[in-house]
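Student: Need coordinates for the following:
(2 chains)
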Amino acid sequence: MKSFANVNARNLKDAVTQLRRPNAIAVGGGSDLLGMVKERLVEPDVLVNLKTIRGLDQISVKGSEINIGGLITLDTLSHDPTIREHYTVLAEAAESVATPQIRNAGTLAGNICQRPWCWYYRNNFPCFKNGGTKCFSVAGENQFHAIFGGGPSFIVHPSDTAPALVALDAKFRVVGPGGERTVPAAEFFTLPKANPAKENSLAADEVVASVHLPRAAKGSRSTYHKVLDREAWTHAVVSAAVVLQMDGERCARARIVLGGVAPVPWRLEKVEAMLAGQRITPELAAKAGEAAVEGANPLAKNGYKVPLTKAVVRRTILGLVQA
Amino acid sequence: MNTLQSVGHPSARIDALQRVTGKAIYTGDRKLPGMLYARVLRSPHPHARIKRIDVSKAQALPGVKAIVTHENCDVVWGSGDTRNKRYLFNNPVRFAGDAVAAVAAADRHTAEEATRLIEVEYEPLPFVLDPEEALKPGAPEIQPGGNLSPNNQGQRAPEVYRRGNIEEGLRNASRVFEDHYTSAHINNAQLEPRVSIAHWEGDHLTVYASTQGISNCHTEIARDLKLPPEKVRVICQFMGGGFGNKNQDQDFDLMAAVLAKQAGAPVKLEFTRKEDFVCVHGRWPTKQYYKIGVRDDGTLTAIQLRGYSGMGPYRKGTGGIAGIEIYQCPHVERTVYPVYTNMAVSANLRGPDYPQGVFGLESLMDDICYSLKMDPVEFRLKNMTRKFNDQVPYTSIGLEDCIRKGAEAFEWKKRWRPEPGSAAGPVKRGAGMAMGSFFSNLGRSSAVIDVDSQGVYHVHVGVTDIGTAAKTTMALIAAEALGVPLEKIDIIWGDTDRCPYSVGESGSRTTTQTGWAVVEAAKALKAQIAEKGMPQGKDILSATANPNPSIPGKARYSFVAHFAEVEVDTEVGHVRVTKYVAAHDSGRVVNPLTATSQVKGGATMGIGMALHEELLYDRASGQPLTAGYYGARVLTHRDAPDIEVLWIETEDAYGPYGAKTLGEPTIIPSVAAVANAIYNAIGKRVKDLPITRDKILGVLA
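Tutor: Here you go, the predicted model:
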């Protein structure tokens, strides 16, 4: 790794001030970032340590909202009784990340802002994400790459919590030098056609300070289903975050967001509309699965993700209704 | 089989507490006064000529003490290539990761910074990754003389084995089956990364190594550095695994020694995990073309194999594709081409020639069973080897019992489906089996046993214990041979100044060869005690044994049959191993506790090889993409199934108390058993390892 200065942020204001120093990067749990520093994927001059900011690792109820500090660890988040009961999809998503060691260190904000795990990017190929002008997966090994929303970069978004948060209509409180802004989760993540070097709208001198969830509607239930290549420590091959608001036998409202298939959490609005107001039967769930892959545009080696996505969507919806 | 006092009883490792409490000192834990740290600069190109190296900026960095490149170091790494001259630093460089320079500095960080200040001008050369492509006319020449690696006689010819007449065998067949298979380059993936510390005192060199064999490491360091052997000492007190890629002297041992000499201070050289996966060696990838002739009653008439093994650019291992010898068959022809490629180097990994060969062979045998409507268990009982290569009698053979008793414990009849893919979906279960054998030769090794007046027996053996519990095994054998309790045995190991020659923990030979030396030394010591009585005061009695036994006219082999049941989710392509039985004839089992662990470890490794592992390359750039535990998808604890181990303890008159080899047979049939179980479950065969989700959904589509 390159030499760098470590700065312990005193508070959010201090953090964003420090982030304005040349070539500064924010670090939370560091479970991924420190590896990237060692591999020289990033070569910061300054690491701004956010872990020294007090109070940003708490869950609190404020009016009709639940606020979750960005520095909460994935482990704490996944075990929180309120989250488990009312926002099951988020607890399950946090619990599905990597390994216990990584969940003990990794933070929610860090997971949301995690850089892609495309093997070209992680092996220092001069791709869009590394400042280049090419996506090497297109003509190369693209088994794990995007079937939706790709181009010019075909990475998939690596976060498990991101699809869950989009499905929960979460908002992110982003703090920068000019103050703070609140961004709906769905708008925070950006497609490569906007800027292929980035995965979200966070500026270099901004941090995700906290996450806000609307109060869970009556009758709502949710789940996160993640397909892994082994039982631990892989990113989602395909995942589905599903939130259903049930009104008796009927589904009043649905939110379905996929992971592992696109450069952003991939919301299936058309499928959501199909389910709204309906009794969810195996037939309807199967139709939802079919509809989920409409418009899929696989590359040479990731065509298997199409039937996989179909099955995951159908099963996750049905499993949640029948649970 | 008669019961013994110590051998055959489950015994915890004698160093278990040291290991789990952190008291065990591994090479990476050692720190010598004034020690420097080294880092290696590696080629970013799969094949390139170095036109210019300028180390002046690196040299000028404060804290840098030594830099070596091909320009100032002409050390030949003899074990790095058995056919060509492989220098520590080569020009041209021949794979992405080939060493270009090494730097020693006051700390790790400075050493790494310095490697980045070395300016290298490369002239990129054409490269080739696929072994079959590498043999085509016009392929880039990786080594002078062409890409087919010379055989032992120095000829540019494939390795050929023949018996009978293959044409006749194919003519005699009622049906001939033909198919081809591929296997991937995978890494040994042992926990402990490479590390070596070299320390010169005058002209005497001590190397703290992480090695599977202190003796061969010692003689080869002396050979490669042109030192008298008595001027070299190799110490390895605890080591964290190797699975075949820490045997012999390693380039990092030599680099550390050269840097330490130049710097005038001890040097520690550690590899990163990524270097460990790309820059040492893994299992050779293969392409296998089989033709098998069989009569309608299931009797084999001919087995023909044409195979290609990708050795990387240096010939470090055999490149063999083995397994045919587990079948009785009159007409056999095996032609294997070990080929230079610009991928990572390939050499020994647990059962080097076998699991990939058995995967291809047993896949096709399995297809034959379904075509002939024969139960795979019956087919194997009918065709299994009775004599080695149908010629040489075995000292003992428990293969039939491995198959029969393994099938019974597995409930084969219940789990295996005569009609593959016939289970109700979408989650389908199926069962598969495969068999294997592994040589269990005797041979040279040594042991020294001293006894003091307290009645403590100090057993000097040159083992390092790569995870097999070799120290404990030696202690059990010594206790048995001496007729004393285990507590009276003190093992002295892992230091060439204190231990005699040992064969090295490769080829699964330590128990049989060094264990035999322990038995012989114990016999000699007991004779001395009988003659002179126990020593008094400060006296000791000492006995040495250097046996080199052989078994004329007979072949000594271990045998194995593995049975796997899998559950394949046909909609998502997920495979889960739901039951696993491993039946082993390794003769007498010296320590059932650690032997069972060996089987579980080997089978689990095989499941990972079957389902996940591959050092995947980007074809356009020749760069590896999946180095490291994350990329390789090595199985985690949560992936490992329950594995039931059955011991078929055959008796022969050889080896320590009849022990045969064990460590490597454990992986041999596992890959094929899992592959055959997947076929039984889904009725479609994936012929290219690893059998990943995309391939499963691909054949099902």
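Student: Tell me the residues on the stretch 101-250 of chain B that lie near chain A, please.
Tutor: Residues of the stretch 101-250 of chain B lying close to chain A (CB under 8 Å from any CB of the partner chain) are B:109, B:112-113. (Glycine included, C-beta is placed from N, CA and C.)
Student: Could you look up the SS state of the closest residue to residue B:140 other than its chain neighbours?
Tutor: Once flanking residues are discounted, residue B:140 sits nearest to residue B:126: 4.0 Å by CB to CB, 6 or more residues apart in numbering or on different chains. State at residue B:126, reduced to three classes by DSSP: H, G, I helix; E, B strand; the rest coil: coil.
Student: related to what we said a few turns ago, can you flag the buried ones in the residues of the stretch 101-250 of chain B next to chain A?
Tutor: Taking 16 or more other CB atoms under 10 Å in any protein chain shown as the criterion, what is buried in those is B:112-113.
Student: Which residues does residue B:492 form beta bridges with?
Tutor: residue B:460 (DSSP bridges).
Student: wait, isn't it in contact with residue B:461?
Tutor: Yes: with contact defined as CB atoms under 8 Å, residue B:492 and residue B:461 form a contacting pair (7.4 Å).
Student: picking that back up, please verify my assumption that the residue nearest to residue B:140 contacts residue B:47.
Tutor: Yes: with contacts counted by CB under 8 Å, residue B:126 reaches residue B:47, the gap being 6.8 Å.
Student: hey, what's in contact with both of these two?
Tutor: Shared contacts of residue B:126 and residue B:47, defined by CB atoms under 8 Å, 6 or more residues apart in numbering or on different chains, are found at residue B:140.
Student: Looking at the two, which one has more neighbours?
Tutor: The neighbour comparison of residue B:126 against residue B:47 (other CB atoms under 10 Å in any protein chain shown) goes to residue B:47, with 24 against 13.
Student: who's in contact with stretch B:54-62?
Tutor: Contacts of stretch B:54-62 (CB under 8 Å, 6+ apart): B:64, B:67, B:69, B:101, B:103, B:105, B:110, B:113-115, B:117-120.
Student: Can you give me the domain boundaries for the chain?
Tutor: As the question left the chain open, I've gone with chain A. Annotated domains of chain A cover A:1-54, A:59-114+A:154-214, A:220-322 [automatic domain parsing].
Student: my bad, the chain I had in mind was chain B
Tutor: Looking at automatic domain parsing, the domains of chain B come to B:31-125+B:191-241+B:246-278, B:282-441+B:553-700, B:442-545.
Student: just checking, what packs against the longest helix that chain B contains?
Tutor: Secondary structure of chain B per DSSP state H: the longest helix is helix B:592-611. With contacts defined as 3 or more CB pairs under 8 Å, 6 or more residues apart in numbering or on different chains; DSSP states H and E, helix B:592-611 has these neighbours: helix B:355-372, strand B:557-569, strand B:574-585, strand B:644-647, helix B:670-682.
Student: Can I get the ones you listed in JSON lines including mean pLDDT, mean neighbour count and distance to chain A?
Tutor: Converted to JSON lines, the helices and strands packed on helix B:592-611 look like this (pLDDT from 0 to 100; neighbours: other CB atoms under 10 Å in any protein chain shown; distance: least, CB to the nearest CB, whole Å):
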{"stretch": "helix B:355-372", "mean pLDDT": "98", "mean neighbour count": "24", "distance to chain A": "19"}
{"stretch": "strand B:557-569", "mean pLDDT": "98", "mean neighbour count": "29", "distance to chain A": "8"}
{"stretch": "strand B:574-585", "mean pLDDT": "98", "mean neighbour count": "24", "distance to chain A": "7"}
{"stretch": "strand B:644-647", "mean pLDDT": "98", "mean neighbour count": "19", "distance to chain A": "20"}
{"stretch": "helix B:670-682", "mean pLDDT": "98", "mean neighbour count": "30", "distance to chain A": "14"}
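Student: Many thanks, have a good one.
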